[in-house]
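*Asks:* Mind folding the following:
(chains A, B and C)
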Amino acid sequence: MAQTTAWTRRHVLSLADFAPHEYDTILQTAASFREVLSRRTKKVPALQGQVVANLFFESSTRTRSSFELAAKRLSADTLNFAPGTSSMTKGETILDTAKTYLAMGANIMVIRHREAGVPGAIAMAMDELQSGVSVLNAGDGQHEHPSQALLDLFTLCSLLDLENPRSEVLQGKKVAIVGDILHSRVARSNIWSLTAAGADVHLAGPPTLLPKLFADLLENKGDRGSLWLHWQLDPALENADFVMTLRLQHERMAQHLLPSLREYHHYFGITRDRLQQCHRDVKVLHPGPVNRGVELSSDLMDDPRLSLISQQVTSGVAVRMALLYLLGSRKTE
Amino acid sequence: MAQTTAWTRRHVLSLADFAPHEYDTILQTAASFREVLSRRTKKVPALQGQVVANLFFESSTRTRSSFELAAKRLSADTLNFAPGTSSMTKGETILDTAKTYLAMGANIMVIRHREAGVPGAIAMAMDELQSGVSVLNAGDGQHEHPSQALLDLFTLCSLLDLENPRSEVLQGKKVAIVGDILHSRVARSNIWSLTAAGADVHLAGPPTLLPKLFADLLENKGDRGSLWLHWQLDPALENADFVMTLRLQHERMAQHLLPSLREYHHYFGITRDRLQQCHRDVKVLHPGPVNRGVELSSDLMDDPRLSLISQQVTSGVAVRMALLYLLGSRKTE
Amino acid sequence: MAQTTAWTRRHVLSLADFAPHEYDTILQTAASFREVLSRRTKKVPALQGQVVANLFFESSTRTRSSFELAAKRLSADTLNFAPGTSSMTKGETILDTAKTYLAMGANIMVIRHREAGVPGAIAMAMDELQSGVSVLNAGDGQHEHPSQALLDLFTLCSLLDLENPRSEVLQGKKVAIVGDILHSRVARSNIWSLTAAGADVHLAGPPTLLPKLFADLLENKGDRGSLWLHWQLDPALENADFVMTLRLQHERMAQHLLPSLREYHHYFGITRDRLQQCHRDVKVLHPGPVNRGVELSSDLMDDPRLSLISQQVTSGVAVRMALLYLLGSRKTE
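*Replies:* Predicted coordinates for the structure are as follows:
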């Protein structure tokens, strides 16, 4: 397996304070698991006997399946907490639910919640109990979605150097992130990881979905790529190496933040034509699920020369294996 | 394990074009797995490291459990897609869901959907992507339910020759299929498999649920058993070797296709008395779940000398192991 | 593993007729599994190839997760029956569902149902079929919840003698059970196990939730601890060694059995102050999930010197492993 001597972090909650060597350890470990996944027998016994509890207070088949498969590939046992049929409806607090899974023997908790900060609060409580358990944020409100940004990073770095994906290959690259930046945990996590790798990040979206406060996000953040805000699409796309589109939630219309999906697509939808102004090797990403014809034109999404969407999903399993492996093998030393 | 050199089919979507040797390979393979299931340790490592994704867009605990157990017996990892908590509610297309599971590494997709043709459409898309993934139709609308018909075939052939179940033992047997033929994917798949085995199939049901168009189904279909239509029960039962009853959906009354369950039972319900006119060794089948007292009288259902319902369920695990094994080991050669 | 020569019981449905040696076999076996759970690799191959079907007609994430994890630790395959997506909605009887899982190859059925007696009825039907399958009651209406009482027993006995937990260590101890006794299957099962161990059990609750009929429960029941009824809290708590609180269902107010949660807490809620009158080493239990500030004050619940709630959850996995192991290895001799 990869060399992981440097890994000391117990929880993965946010990428805001991630160090460069941490990104590279994850990329390197994910690359070694990608190799495992190409074998006929795609399992390793790394986490045998350990329990990964998927506590998805906000439901998500896609992300939960990815974590579940990653855990099974590492031979861990998995427990799924389903919000619909849970004792949450019986009035138990979120923290009590987490403590119950701790007492059952969970070693790693993968937590998704619609409120920002819930995984962090659970991690803090687990530490106060000196439990040794690891918490992995699988998306909390509009805060962060670290594993998504890490799989995006792995996808981009692998494209630039398949054999040896490392964050420095993104130095000086221009990445456009387009859409509902305001409500996007995916965007927030990606801003941290991409600028840490030295990429220049250009945010583009309508003013209602991209408030000026983002401009201050990276102030005094040291040796990072730059961050730019655009209320039109063209300056963000111009000569961009990568275009990352974000999912648009239908409730934004009901909240009067957008007039219509059609108008959104007219001004900010990515089409083959619009990509002309990007770098000639430009690739498009989307965290899924896609609203076809809204964030992206349908034909673009299905074009393997332009879309990295499938690679993102595939990277997801390798990156989540890496995260679970690094957190899970930390404790046993 | 069974000799499977002949198996070349990538998907199992319909039995309409199944060749005789394909039926026999499945029967033979299922028989060898039945032997495995009688051992103390009921697992084989055949599909270790492979991923079976159960994409049940239409929910079904019974069929999904059977496929899940079959996959686990073969040491495959399973992923379950649950429609209620899925991203389908977020507007993702069915095909995008399938592509996501493909990108995660699924090797076999077991698909159920309320619309006829969905598994076929997904299989075509997977082939266009040159993915090598196999699709197994677990029931699509009113089209087909191949694994149900194959487990019925295995149940019947095993009854006639336990050691060496093969389709030729059904040659010349009379099988009555009774009930809501029109809406039954189980009936459609069984018509193909039973007539292919040389059995004579007699369909019986009220005219609203058995339109004349079924009479043309087998025209020019070569070396098959014959197909008969009856709007009364008696001619179908007369001297029948097997009586296959179909589940009656309660919504048929709302659709004015049936006056009442009671009247249905009066004219088409199978009772001990009515079986008098069948062959003296007659057996009754039902795909489950049974509406007791509607399709079948309750005492008949519980009589192990007359009912094959338990054997059908048991056969289901062995036959689904055979299908997964044949599809899953195909690719690794 | 533990010495289990004495174990002959096929089903665990109720503790009413449990023999002392049966309690001790379970405690001893659970202690050996607790040792397994403290190892790095927390799995044993004891039930490899066996199938544990969790048939939770009444949903419960907590108890189902505990059984599921116990089964996985023993290397069994698990099948989960989810009531929402089940064929129950299609009109199938409970018994037909159980027979279906039997026919699929289930070796042990863990059954929860809102009606008292359902697991017993299924067990009887399974025996009539000479199936050899074991049924484990995971909570039936207001009848019993044996695995909860057994994990409570294991928690208490382990506290008194960690190395060698056995029921005799509870001889002469005073255990208060406080709350909605009338509707509690947890209370009923605990009355059997605790008095069998020689503990004196003091029930306390408002008259609407603790009818006099409980006074007759243990009449002529031989060599057991005594049973007392109190409509005030203080006499139950006085010098008590353990205080077991019960979950209060919110629907009790709608049923006019209680004026308000606040009044309930005022008269029967357990607080740090109220524990002053207990034995100085008193510990508090609760089967979970807790309504914080109703059955227990929040600070008490979180105080590891007073609360055994986490230990109960941890004991749950070991005790359920013991039950599954004893039932599952019985059949193979």
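*Asks:* where exactly do the strands run in the stretch 101-250 of chain A?
*Replies:* A:108-113, A:134-140, A:174-178, A:200-204, A:227-230, A:242-245 (DSSP state E, counting those that start in this stretch).
*Asks:* So which of those is nearest chain B?
*Replies:* Proximity to chain B (Cβ to the nearest Cβ) singles out strand A:108-113 among those, at 11.8 Å. In short, each C-beta sits where N, CA and C put it, glycine included.
*Asks:* Tell me which of the strands of the stretch 101-250 of chain A sits nearest to chain C.
*Replies:* When these are compared by Cβ to the nearest Cβ, strand A:108-113 sits nearest chain C, at 12.7 Å.
*Asks:* In the stretch 151-300 of chain A, which residue sits closest to chain B?
*Replies:* Scanning the stretch 151-300 of chain A for proximity to chain B using Cβ to the nearest Cβ identifies A:P289 as nearest, at 3.5 Å.
*Asks:* which one of the strands of the stretch 101-250 of chain A lies closest to A:H21?
*Replies:* strand A:134-140 (18.8 Å; Cβ to Cβ).
*Asks:* what's the offset of that closest one from the middle of its chain?
*Replies:* Chain-centre distance of strand A:134-140: 11 Å, with Cα atoms, centre = their mean, to the nearest Å.
*Asks:* again, but for stretch A:244-264
*Replies:* A distance of 21 Å separates the centroid of the chain from that of stretch A:244-264, by Cα atoms, centre = their mean.
*Asks:* TSV please, covering the strands of the stretch 101-250 of chain A and showing distance to B:P165 and mean pLDDT.
*Replies:* Formatted as TSV, the strands of the stretch 101-250 of chain A follow (distance: least, Cβ to Cβ, whole Å; pLDDT from 0 to 100):
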stretch	distance to B:P165	mean pLDDT
strand A:108-113	45	97
strand A:134-140	47	98
strand A:174-178	59	98
strand A:200-204	64	97
strand A:227-230	68	96
strand A:242-245	54	98
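*Asks:* While we're on the closest residue to the residue of the stretch 151-300 of chain A closest to chain B other than its chain neighbours, how confident is the model there?
*Replies:* Spatial nearest neighbour of A:P289, excluding adjacent residues (Cβ to Cβ, 6 or more residues apart in numbering or on different chains): B:E92 at 3.5 Å. Listed pLDDT for B:E92 reads 70.
*Asks:* ditto for A:T41
*Replies:* The pLDDT attached to A:T41 in the predicted structure is 79.
*Asks:* looking at this, it is in a strand?
*Replies:* No: per DSSP: H, G, I helix; E, B strand; the rest coil, A:T41 lies outside any strand segment and is coil.
*Asks:* How much space separates it from A:S297?
*Replies:* Here the criterion is Cβ to Cβ, to the nearest Å. By it, A:T41 lies 40 Å from A:S297.
*Asks:* Comparing these two, which residue is more hemmed in?
*Replies:* Higher neighbour count among A:T41 and A:S297: A:S297, with 19 against 11, using other Cβ atoms under 10 Å in any protein chain shown.
*Asks:* which residue sits closest to that one in space, ignoring its chain neighbours?
*Replies:* Nearest one to A:S297, counting by Cβ to Cβ, 6+ apart, is A:T271 at 4.5 Å.
*Asks:* try A:L246
*Replies:* A:G179 (3.5 Å).
*Asks:* what sits against A:L324?
*Replies:* A:47, A:52, A:67, A:70-71, A:74, A:76, A:108, A:136 (Cβ atoms under 8 Å, 6 or more residues apart in numbering or on different chains).
*Asks:* Can you lay out the residues you listed as JSON lines showing secondary structure?
*Replies:* Shown next, in JSON lines, are the contacts of A:L324 (three-state DSSP):
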{"residue": "A:L47", "secondary structure": "coil"}
{"residue": "A:V52", "secondary structure": "strand"}
{"residue": "A:F67", "secondary structure": "helix"}
{"residue": "A:A70", "secondary structure": "helix"}
{"residue": "A:A71", "secondary structure": "helix"}
{"residue": "A:L74", "secondary structure": "coil"}
{"residue": "A:A76", "secondary structure": "coil"}
{"residue": "A:I108", "secondary structure": "strand"}
{"residue": "A:L136", "secondary structure": "strand"}
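*Asks:* Start and end of stretch A:266-281, how far apart?
*Replies:* End-to-end distance of stretch A:266-281 (Cα to Cα, to the nearest Å): 24 Å.
*Asks:* Report the buried residues of it.
*Replies:* Applying a neighbour-count criterion of 16 or more other Cβ atoms under 10 Å in any protein chain shown, the buried positions in stretch A:266-281 are A:268-270, A:274-275, A:278-279.
*Asks:* ditto for stretch A:11-25
*Replies:* Neighbour-count burial for stretch A:11-25 flags A:11-15, A:18, A:22-25 (criterion: 16+ other Cβ under 10 Å).
*Asks:* Grab the most central residue of chain A for me.
*Replies:* By Cα atoms, centre = their mean, the mean C-alpha position of chain A lies nearest to A:Q148, the distance being 1.3 Å.
*Asks:* Filtering the contacts of A:L324 by proximity to chain B, which remain?
*Replies:* With Cβ under 8 Å from any Cβ of the partner chain as the criterion, those include none near chain B.
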